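Participant: Quick one: sequence and predicted model below, then my questions.
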Amino acid sequence: MYLDVKGHKTYCYTGGKPFDATRPTVVFIHGVLNDHSIWILQTRYFAHHGFNVLAPDLPGHCKSAGEPPRSVEEAADFILALLDAAGVKAAVLVGHSFGSLTALQAAAIAPQRVTRLALLGTAAPMKVSPALLDSALNQPLKAIDMVNTFSHSMLAPPPSSLGPGTWLYGGSKALMRRVLASNAQVNLFHRGFKACDDYTGAEAAMEKVQCPVLFILGKSDSMTLPRMAAPLQTRAKNSRTVLLQAGHQMMTEAPEGVLFALKDFLQP
């Protein structure tokens, strides 16, 4: 469905179910050069099991209009405005990578509006190497290849995972190229990575979070090593951690593991 958020048309995937603001709501926030589709299994499950689902394309990405966020703070402000537009007083926030920082910042700004917080592939700080920042700016297609090599712990899933012929590496590259091409005015790759690199408020933000926190980390994550979440884990007041046998793109490498971790976390 589409919502008007700050005067811009914003696309939100609802998991195949009509949106009903009276039900509990889960907002799924994607990372750099991704879109709502990265959450396809998790969103459909929750939408069909009693939850509202909102999985937006961030502003300036794919189906959503508006200026792409220049910072984590801008992205967090967008998420809170999205809740306003949907008529949702409080929601669960689930974020991956850049999306995890966005969710964290939103929970710090408006703790009364976030009932639970799930951070996937997170880190504090989430620094990006100068070489990768430069490649994202000047050679984005090369940088996409680099990031996908670092983001996957395997080139294909086990036979029982997603079905014969599934190529995680190729599928992820195709998604990132599509998202990059969706905005001819702004280099979404470099802007997103710079926002991650510039953000210094994660630890202070976690101090303000009042709700339960779930960390879902990939044991083989080379983009955000599991130990890089430690500054946030030590500051979370009420948290649990799930380690999955996966890399950074855990939603596709370990989709059921991510789903089960979120399902357990959101049980009453």
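Facilitator: Looks like it came in fine. Numbers count the residues shown, from 1 in each chain.
Participant: Return the list of helices and strands in contact with whichever strand or helix holds Ala143.
Facilitator: Following DSSP states H and E, one finds Ala143 within helix 140-151. In this structure, helix 140-151 makes packing contacts with helix 130-138, helix 168-181, helix 188-198, judged by 3 or more Cβ pairs under 8 Å, 6 or more residues apart in numbering; DSSP states H and E. Yep, even glycine has a C-beta here, placed from its N, CA and C like the rest.
Participant: quick one, which of the ones you listed is nearest to Glu256?
Facilitator: Using Cβ to Cβ as the measure, helix 168-181 is the one of the helices and strands packed on helix 140-151 that comes nearest Glu256, at 14.3 Å.
Participant: If you count neighbours, what's buried in that closest one?
Facilitator: Buried residues in helix 168-181, counted by 16 or more other Cβ atoms under 10 Å: Leu168, Tyr169, Ser172, Lys173, Leu175, Met176, Val179, Leu180.
Participant: Just give me the closest of those residues to Pro255.
Facilitator: Leu168 (10.4 Å).
Participant: wait, the closest one sits on Thr252?
Facilitator: Yes: counting by Cβ atoms under 8 Å, Leu168 touches Thr252, with 5.4 Å between them.
Participant: hmm, back to that, for Pro69, which of the helices and strands packed on helix 140-151 is the nearest?
Facilitator: helix 188-198 (6.3 Å).
Participant: Which elements pack onto that closest one?
Facilitator: helix 72-86, helix 98-109, helix 130-138, helix 140-151, helix 168-181.
Participant: what pLDDT, on average, does that helix get?
Facilitator: Across helix 188-198, pLDDT averages out at 97.
Participant: how far off helix 130-138 does that helix point, in degrees?
Facilitator: Put simply, helix 188-198 runs at 150 degrees to helix 130-138, going by axes from the mean of the first three to the mean of the last three Cα atoms, to 10 degrees.
Participant: Check which residues of the following helix or strand past helix 188-198 are buried.
Facilitator: Note on helix 188-198: by DSSP H and E, the next helix or strand toward the C-terminus is helix 202-208. Neighbour-count burial for helix 202-208 flags Ala202, Ala205, Met206 (criterion: 16+ other Cβ under 10 Å).
Participant: quick check, nearest of the residues you listed to Phe19?
Facilitator: When these are compared against Phe19 (criterion: Cβ to Cβ), the nearest one is Ala205, at 28.1 Å.
Participant: ok now do the closest residue to the closest one other than its chain neighbours, which residues does it touch?
Facilitator: For Ala205, ignoring the flanking residues on the chain, the nearest one in space by Cβ to Cβ, 6 or more residues apart in numbering is Ala108 at 3.6 Å. Taking Cβ atoms under 8 Å, 6 or more residues apart in numbering as the contact definition, Ala108 lies against Gly201, Ala204, Ala205, Met206, Glu207, Lys208, Val209.
Participant: For the fourth one, give its distance to Arg70.
Facilitator: When Cβ to Cβ, to the nearest Å is applied, the distance between Met206 and Arg70 equals 22 Å.
Participant: next one: the last one
Facilitator: Noted for Val209: a distance of 23 Å to Arg70, by Cβ to Cβ.
Participant: who has more neighbours, the two?
Facilitator: Val209 (23 against 14; other Cβ atoms under 10 Å).
Participant: ok, the more buried one - contacts?
Facilitator: Val209 is in contact with Leu104, Ala107, Ala108, Pro111, Val114, Leu117, Ala236, Lys237, counting by Cβ under 8 Å, 6+ apart.
Participant: Surely the second one touches Leu117?
Facilitator: Yes: A contact is recorded between Ala107 and Leu117 when judged using Cβ under 8 Å, the distance being 5.0 Å.
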